[in-house]
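*Asks:* Below are the sequence and a predicted model; questions follow.
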Amino acid sequence: MKFKILPFLLFSLCLSHLIIAQYAEIEQDIKTHRKGQLVIKTKPGQKVSIEQISHDFWFGAAISNGLAENYWSASDKEMYKAKFLENFNSAVTENAVKWLSMERQKGQVNYNTVDGILEWTDANNIPLRGHNVYWGIDKFVQPWLKEMNNEELELTLKNRAYDIASRYKGRFVEYDLNNEMIHGNFYEDRLGKGITKKMADWFLEKDPEAKLYLNDYDILTGVWLDRYMTQIRELLDQGVPLAGIGVQGHLHAQTFDRDALRRSLDSLATFGLPIRVTEFNMPGQRSKWVDNRKEHLTEEQEIQKAKDIVDYYKICFAHPAVEGILMWGFWEGANWIPASSLYKRDWSPTPAVEAYQNLIKKEWHTMEEGKANKKGLYVTDAFYGKYKITVNGESRLIDFPKQKGTLSVDLTK
């Protein structure tokens, strides 16, 4: 079989041209919203080295149950962990926390997979979001729940909130409270509109610091945006303690509508809540690769995928309300849309790996050195995140979060 080198050669030669602005001010927006001024105070003339360790912005991915279970080979599991750490700084449980996955049979609750994932993320300092506490889409509601009368159902929902909040108090950074409510809500249909606030209040009784998000799909395409906006207003009017807005990023087809993405983010930002793009795939759910799971992208399509990923990430990174984006799978061996993976089944990289890493490890990465001026100051613009600051061979780790804007670090003491 002949190896078609031209597309890959073209990709390597033209990578910089693939990373293009989708609107005139995008680079300035990235600088404005993702960088601040870092001021290092030391003695005049001393050498200063600044190395970014990680980003404040979430560049994350879903963690498959396979990481904590035993159906992968040892080599695949180790490679999965290594590639995750190489590419991502945050995570979300793909299936482990879902009630249907945890308690398919009444009273038989599987905590082992959740515990195994948390053990690994804790050990590697990866912030983890729990997806999801409830899911009221009819086909994802266990039959034994549907058989209950309303009083028993409400008590069971309360016990579910108490159980998860108590057991995992302080370990998940945030949770999706009740998934995809504008597309179906068995619990509200049975128990009335006030049930969502009850769910949140029950959870916060046992974990007062928990951050509870909404999460829904077909929002960033604009299709269900108005309905989602209405729902958010209604929940806020009811006093539901929403900590943030989750929007799934996989309802497009082979590519995506850049303008619709920006308009949707702008609209959601009016609530003043943080936004997470919670489930991203490229190509997406409306592409032919959802049903053709064994069909591979051509080399040309892989290059287009890389370009689309870069464009999507750039638009999200440039938007001040967005605090992170999480891929919904990155390896063909554990991805519901295999064609959207960064890595093939044999762990060979697709062109998207280079494009993605060029963003987060080069273009959006601060690493520099120089000397303090006559006033003993070294000043630079830096992406928000964690840093190692080294002066005359002595290093200090610091946090430079977005909330700071400007951070002064006094290394004279």
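*Replies:* Arrived safely.
*Asks:* which residues touch the residue positioned nearest the centre of the chain?
*Replies:* The structure's the chain has its C-alpha centroid closest to L326; by CA atoms, centre = their mean the separation is 2.6 Å. L326 makes contact with 58, 60-62, 90-92, 129, 276-280 under the criterion CB atoms under 8 Å, 6 or more residues apart in numbering. C-beta here means a position set from N, CA and C on the backbone, and glycine is covered the same way.
*Asks:* element containing the closest residue to it other than its chain neighbours?
*Replies:* In space, and not counting its chain neighbours, L326 is closest to G60: 3.9 Å by CB to CB, 6 or more residues apart in numbering. Under the criterion of DSSP states H and E, G60 resides in strand 58-63.
*Asks:* Tell me how many other residues crowd K198.
*Replies:* Per other CB atoms under 10 Å, the neighbour tally for K198 reads 17.
*Asks:* I should have written N65 there, sorry.
*Replies:* A count of neighbours around N65, defined by other CB under 10 Å, yields 19.
*Asks:* quick one: it and N112 touch, right?
*Replies:* No. Under the criterion of CB atoms under 8 Å, N65 makes no contact with N112, lying 10.0 Å away.
*Asks:* all helices of this structure, in order?
*Replies:* Secondary structure of the chain (DSSP state H): helices at 6-18, 26-34, 74-87, 99-102, 112-123, 143-146, 150-167, 186-191, 195-206, 225-237, 258-269, 299-318, 351-358.
*Asks:* Among those helices, show the one with the smallest mean pLDDT.
*Replies:* In terms of mean pLDDT, the lowest-scoring of these is helix 6-18 (a mean of 42).
*Asks:* ok, back up a step: compare the helices of the chain and give me the one nearest L377.
*Replies:* Closest of the helices of the chain to L377 is helix 26-34, at 21.0 Å (criterion: CB to CB).
*Asks:* Which residues does the closest one contact?
*Replies:* 21, 57, 314-315, 317-320, 364, 381, 383-384, 402.
*Asks:* make it 7 Å
*Replies:* Helix 26-34 has contacts (CB atoms under 7 Å, 6 or more residues apart in numbering) with 21, 57, 314, 317-318, 320, 383-384.
*Asks:* Tabulate those (a markdown table), appending distance to I232 and neighbour count.
*Replies:* Below are the contacts of helix 26-34 laid out as a markdown table (distance: CB to CB, whole Å; neighbours: other CB atoms under 10 Å):
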| residue | distance to I232 | neighbour count |
| --- | --- | --- |
| A21 | 30 | 15 |
| F57 | 23 | 23 |
| K314 | 26 | 23 |
| F317 | 23 | 23 |
| A318 | 23 | 23 |
| P320 | 18 | 13 |
| F383 | 30 | 24 |
| Y384 | 26 | 23 |
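*Asks:* Just put these in JSON lines and tack on distance to D291.
*Replies:* Putting these into JSON lines (distance: CB to CB, whole Å) gives the following:
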{"residue": "A21", "distance to D291": "34"}
{"residue": "F57", "distance to D291": "33"}
{"residue": "K314", "distance to D291": "29"}
{"residue": "F317", "distance to D291": "31"}
{"residue": "A318", "distance to D291": "33"}
{"residue": "P320", "distance to D291": "37"}
{"residue": "F383", "distance to D291": "39"}
{"residue": "Y384", "distance to D291": "40"}
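*Asks:* Among those residues, which one lies nearest to K294?
*Replies:* The closest of the contacts of helix 26-34, once distances to K294 are taken by CB to CB, is K314, at 31.2 Å.
*Asks:* Apart from its chain neighbours, what residue comes closest to the closest one?
*Replies:* In this structure, K314 finds its nearest non-sequential neighbour in I26, 6.1 Å apart by CB to CB, 6+ apart.
*Asks:* For stretch 78-94, what is the distance to the chain centroid?
*Replies:* Distance of stretch 78-94 from the chain centroid (CA atoms, centre = their mean, to the nearest Å) equals 12 Å.
*Asks:* Show me which residues of that stretch are buried.
*Replies:* 79-80, 83-84, 87-94 (16 or more other CB atoms under 10 Å).
*Asks:* Output those as CSV; include the columns distance to E180.
*Replies:* What follows is the buried residues of stretch 78-94, written out as CSV (distance: CB to CB, whole Å):
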residue, distance to E180
M79, 32
Y80, 27
K83, 29
F84, 26
N87, 27
F88, 24
N89, 26
S90, 22
A91, 20
V92, 15
T93, 16
E94, 15
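*Asks:* of these, closest to G107?
*Replies:* Closest to G107, out of all of those and judged by CB to CB, is T93, at 21.8 Å.
*Asks:* if I pick the closest one, what's in contact with it?
*Replies:* Contacts of T93 by CB under 7 Å, 6+ apart are 63, 114, 117, 128, 130-131.
*Asks:* Which one of the residues you listed sits in the busiest neighbourhood?
*Replies:* The most crowded member of the contacts of T93, judged by other CB under 10 Å, is I63 (30 neighbours).
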